[in-house]
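1. model this:
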Amino acid sequence: MTQTTARKAAGWLGEVSGAVADFGTFLPLVIGVLAVRGFDGTGVLTGFGLFALAVALVYRRPIPIQPMKAVAALTYRHPMGFHDGPNIEWVPQAYFVDNANTVATKSYVLFGFRAGYEVSKDVSMFVDLRNLANTKYIASSSVAATATDSSSLFEPGTGRSVFVGLRAAW
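-> Below is the predicted model of the structure:
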């Protein structure tokens, strides 16, 4: 195999990998939402698919500022009203912040824990511990046509933090 052929094969394999990368995070969460909420999956999945195809055909490159992100939580609810459980926010791969696709963010994982008590059907309180490992990460970014060394595109994420709240419904 020549270097040119190997380079083309590597580029093609990268494209295939990118095309199915969301399956590991996107599909399990969407399937869970569809199952729990009873939504029709046809509209959700068709919409995502058509949007991805349109972007590929029009721009011939990935969408800048479109991170693949998974957020999941596991909660235990005690019959007495207490609930607690860990949560995770995961951005498994970098995403571009400019239309030229020259500057990208970095991947990250954040771990948290949430606990609370349901006082009544309409009132509950909680404590939410976020970014327990105090990970430094890029929370959001701006987009530029072409990024340079002087471009201010990245906004840092919040460090370890604690939120306390009260939820009331009426």
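
2. what are the boundaries of the helices in the chain?
-> Remark: helices assigned in the chain by DSSP state H are 3-20, 26-37, 41-59.

3. what helices or strands is the shortest one leaning on?
-> Spelled out, it's helix 26-37. Taking 3 or more C-beta pairs under 8 Å, 6 or more residues apart in numbering; DSSP states H and E as contact, the helices and strands that helix 26-37 lies on are helix 41-59, strand 70-73. (Glycine included, C-beta is placed from N, CA and C.)

4. go with 6 Å
-> Helices and strands touching helix 26-37, by 3 or more C-beta pairs under 6 Å, 6 or more residues apart in numbering; DSSP states H and E: there are none.

5. any idea how far it is from the chain center?
-> Distance, stretch centre to chain centre, for helix 26-37: 15 Å (C-alpha atoms, centre = their mean, to the nearest Å).

6. could you give the average pLDDT over that helix?
-> Taken as a whole, helix 26-37 has a mean pLDDT of 73.

7. next, the buried residues of that helix.
-> Val30 (16 or more other C-beta atoms under 10 Å).

8. which outside residues touch that helix?
-> Gly41 (C-beta atoms under 6 Å, 6 or more residues apart in numbering).

9. got the angle between it and helix 41-59?
-> Per axes from the mean of the first three to the mean of the last three C-alpha atoms, to 10 degrees, the angle that helix 26-37 makes with helix 41-59 is 150 degrees.

10. what about dumping the CA coordinates of helix 26-37 to PDB?
-> Provided in PDB are the C-alpha atoms of helix 26-37 (Å, rounded to 0.1, in the frame of the first residue of the first chain):
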ATOM      1  CA  PHE A  26     -26.500   9.900  21.700                       C
ATOM      2  CA  LEU A  27     -28.500   6.700  21.100                       C
ATOM      3  CA  PRO A  28     -28.600   5.400  24.700                       C
ATOM      4  CA  LEU A  29     -29.800   8.700  26.000                       C
ATOM      5  CA  VAL A  30     -32.400   9.200  23.200                       C
ATOM      6  CA  ILE A  31     -33.700   5.700  23.600                       C
ATOM      7  CA  GLY A  32     -34.000   6.200  27.300                       C
ATOM      8  CA  VAL A  33     -36.000   9.400  26.800                       C
ATOM      9  CA  LEU A  34     -38.100   7.800  24.100                       C
ATOM     10  CA  ALA A  35     -38.900   4.800  26.400                       C
ATOM     11  CA  VAL A  36     -39.600   6.800  29.600                       C
ATOM     12  CA  ARG A  37     -41.500   9.700  28.000                       C
END
